[in-house]
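# the following comprises the amino acid sequence and a computationally predicted model.
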Amino acid sequence: MRQVAVASGGLTRFTKNDLSLETLMVSSVKQIFEKTENLEQKDIDVVLISTNANDKYLANIVSELCGISPKIAHSIESLCNSGTNCIVSAYSYILSGLAKTALVIGAEKTNSPGLVLEWDKSRGQYKHPIYWSSMFTSAHMRKFGTTSEDLAYVSAKNHRNALDNPYAYFDREYSLQEITESKNLTENVRLLDCSMSCDGSAAVLLTSSDIATKFTDRPVWITGIGQKSTSAGFTKNDDLTSMKSTAYSASDAYQMSGRKPTDVDVAELHDAFSICEIIELEDLGFVSKGQGSSYVHQLYDSHDRRINPRGGLIGAGHPLGATGIAQTVEICQQLQGNAKKRQVDGAKVGLVHNMSAAATSSTVMILES
Amino acid sequence: MTKFEQELKNNNFLCSHCTTCDKLVWPPSDFCNNCFSDVVWKPVSRFARLIEFSRKDNEYFCIAEFEENIRVMGSIQNSSNLKINQPLFLVKCDYDGIERFVFEPVLTS
């Protein structure tokens, strides 16, 4: 099904700075206008904003700052997967015929209110994400014998991949020893197993199939989408060695696209913590249950960039509302052959996985060149 | 402060209960999440089961399950040789802007 394309993308460096949310957003949009042929402000039908910030009327404000008068403009918030929720909504507007083009813009500041889900009473005093991560880690270690060194391989691989991403927060490699000796936040979660909250922005331009080639000669098609919310409260994850919402989403996305895990040449996974990438590799069907760690070892040892070529959230940083959009920009660059040193040779099929709040909700998208 | 929070502050762990469906509704809500009927408040058993645990510095924290339904995170005091599924007792609950649950292992002979 080739009806909605990603025609272009823009990013800002993920870092910590004093720029306003609006300035970050306009900066990534500016890139899109600078590099997209034939694109004018009057072409934009929809502006959707992805952020956890409490600012009001942002889609309209950013539209005005960009000189755009869209038909439809509003914000979408879903914690860490706000970005892909936004893309899916833009996709739906285009597929419905309400719009032909949509600009999806995500941004976050380091001190985002989306970092902690205060509503979740079941987390008690343990509301910070390191605690749910620690529970998943304990469970996976117990059931599959996963070790601290296995977790370190995820972090080492993703920090190393981020070295070739000019927009990444981290710009240095970490050895396995440095990671395993980094500060213990809990018994089994170390500082370098965590993604870094930071300031950053990302944007994509989506178009309908009939006008995609007006803006690019290499459109990237969204061929599969799966989304699932299993709950909002963390403790309703009944199997802590798995992320059910991810498995459901993957199944739907594969079915819609007619693809299977072995067809995926390159993937962006939501590695909020090292354990996440291991579990997600299993729940997305790249490996069977319990084999996630050994696959990460293999990727690391062979310098294979199939998984998280831009460095994932651990290497690139995690400005919540921008993350899912930045993941999508990366997969588009890979499928267009524009990923430079990060390029996975011959990539034709890509996958984006973005999740929220201890995987209580997930999005999976299949993209194809 | 909500009824749930006020009771928690008084060391009472209550949960919303739907009399139509005869089920505990967790997290606490004014309506049943199955039939949308009004709920009543019902004390939750102080006994729980250990689902998972980890440690921060010297303090153990865990997920505990009450009445095969309600799972919460809390701390464990007097912890040694913790085992998954072992019985726990809710020694104390509190609310000071944050819900707090404190467990102790139930000693079995």
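In hand now; what should we look at?

# find the closest residue to chain B in the stretch 101-250 of chain A.
Taking CB to the nearest CB, chain B has its nearest neighbour within the stretch 101-250 of chain A at residue A:235, 3.6 Å off. In this view, the C-beta of every residue, glycine as well, is placed from N, C-alpha and C.

# which SS class is the most centrally placed residue in chain B?
Against the mean C-alpha coordinate of chain B, by CA atoms, centre = their mean, the closest residue is residue B:72 at 5.1 Å. State at residue B:72, reduced to three classes by DSSP: H, G, I helix; E, B strand; the rest coil: strand.

# ok, what's across the strand from it?
residue B:64 (DSSP bridges).

# what kind of secondary structure is the residue nearest the centre of chain A in?
The centre of chain A sits closest to residue A:324, judged by CA atoms, centre = their mean, with a distance of 3.1 Å. Put simply, residue A:324 is helix when judged by three-state DSSP.

# not counting residues beside it along the chain, what's closest to it?
residue A:83 (2.7 Å; CB to CB, 6 or more residues apart in numbering or on different chains).

# same question for residue A:264.
Spatial nearest neighbour of residue A:264, chain neighbours left out: residue A:351 (4.7 Å); criterion: CB to CB, 6+ apart.

# now do the host helix or strand of the one you found, average pLDDT.
According to DSSP states H and E, residue A:351 maps onto strand A:349-356. Strand A:349-356 carries an average pLDDT of 98.

# can you pull the residues of the stretch 51-200 of chain A lying near chain B?
Listed as neighbours of chain B in the stretch 51-200 of chain A under the rule CB under 8 Å from any CB of the partner chain: A:120-127, A:131, A:134-135, A:137-139, A:142, A:185-188.

# got a quick PyMOL command for the buried subset of these?
Filtering those down to the buried ones (16 or more other CB atoms under 10 Å in any protein chain shown) takes a single PyMOL command:
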select buried, chain A and resi 120+121+122+123+124+125+126+127+131+134+135+137+138+139+185+186+187+188
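
# and the residues of the stretch 51-200 of chain A next to chain B, which of them are in helices?
A:131, A:134-135, A:137-139, A:142 (DSSP state H).

# and stretch B:42-49, which residues are buried?
B:44, B:48-49.

# now the residues you listed in CSV, please, with extra columns for distance to residue A:180, secondary structure and pLDDT.
Formatted as CSV, the buried residues of stretch B:42-49 follow (distance: CB to CB, whole Å; DSSP: H, G, I helix; E, B strand; the rest coil; pLDDT from 0 to 100):
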residue, distance to residue A:180, secondary structure, pLDDT
B:44, 40, coil, 97
B:48, 34, strand, 98
B:49, 33, strand, 97
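
# helices of the chain, start to end?
Assuming you mean chain A. In chain A, the segments counted as helices under DSSP H are A:21-35, A:58-65, A:82-96, A:129-144, A:148-162, A:176-180, A:212-215, A:244-257, A:274-283, A:292-302, A:312-316, A:320-336.

# please refer instead to chain B.
Counting by DSSP H, the helices of chain B are B:3-9.

# how close does the closest residue to chain A within it sit to residue B:65?
Nearest residue of chain B to chain A, counting by CB to the nearest CB: residue B:71, 3.6 Å away. Look at residue B:71 and residue B:65: by CB to CB, to the nearest Å, they are 5 Å apart.

# the two: which has the busier surroundings?
Between residue B:71 and residue B:65, residue B:71 has the larger neighbour count (other CB atoms under 10 Å in any protein chain shown), namely 21 against 18.

# which residues touch that one?
When contacts are counted by CB atoms under 8 Å, 6 or more residues apart in numbering or on different chains, residue B:71 touches A:122, A:235-236, B:51, B:63-65.

# tell me the spacing between the closest residue to it other than its chain neighbours and residue A:314.
Leaving out its chain neighbours, the residue that sits closest to residue B:71 by CB to CB, 6+ apart is residue A:235, at 3.6 Å. Distance, residue A:235 to residue A:314, by CB to CB: 25 Å.

# these two: who's more crowded?
A count of neighbours by other CB under 10 Å puts residue A:314 above the other of residue A:235 and residue A:314, at 31 against 27.

# what score does the more buried one have for pLDDT?
Value for residue A:314, per-residue pLDDT: 98.

# which residues sit in contact with it?
Residues counted as contacts of residue A:314 (CB under 8 Å, 6+ apart) are A:154-155, A:158-159, A:162, A:192-196, A:271, A:273-274.

# the closest residue to it other than its chain neighbours: how many residues sit nearby?
Nearest residue to residue A:314 in three dimensions, chain neighbours excluded: residue A:158, at 4.4 Å (CB to CB, 6+ apart). Using other CB under 10 Å, residue A:158 is surrounded by 30 other residues.

# again with the one 4 residues further on
Here the number of neighbours of residue A:162 (other CB under 10 Å) works out to 27.

# what residue ranges in chain A score low on pLDDT?
Across chain A, the ranges flagged by pLDDT under 70 are A:1.

# could you break the chain into its assigned domains?
No chain in the question, so chain A it is. Using automatic domain parsing, the domain parsing of chain A gives A:4-110+A:199-220, A:127-193+A:224-368.

# let me rephrase: I mean chain B.
Using automatic domain parsing, chain B is parsed into the domains B:3-43, B:47-105.

# please work out which of those is packed deepest.
domain B:47-105 (a mean of 18; mean count of other CB atoms under 10 Å in any protein chain shown).

# and that domain, how far out from the chain middle?
Using CA atoms, centre = their mean, to the nearest Å, the mean C-alpha position of domain B:47-105 is found 8 Å from that of the whole chain.

# so which of the helices of chain A is the most packed in?
It is helix A:312-316: most buried of the helices of chain A by mean count of other CB under 10 Å, with a mean of 31.

# quick one: it to chain centroid distance?
Per CA atoms, centre = their mean, the centroid offset for helix A:312-316 relative to its chain is 10 Å.

# ditto for stretch B:14-31
Relative to the centre of its chain, stretch B:14-31 is centred 14 Å away, using CA atoms, centre = their mean.
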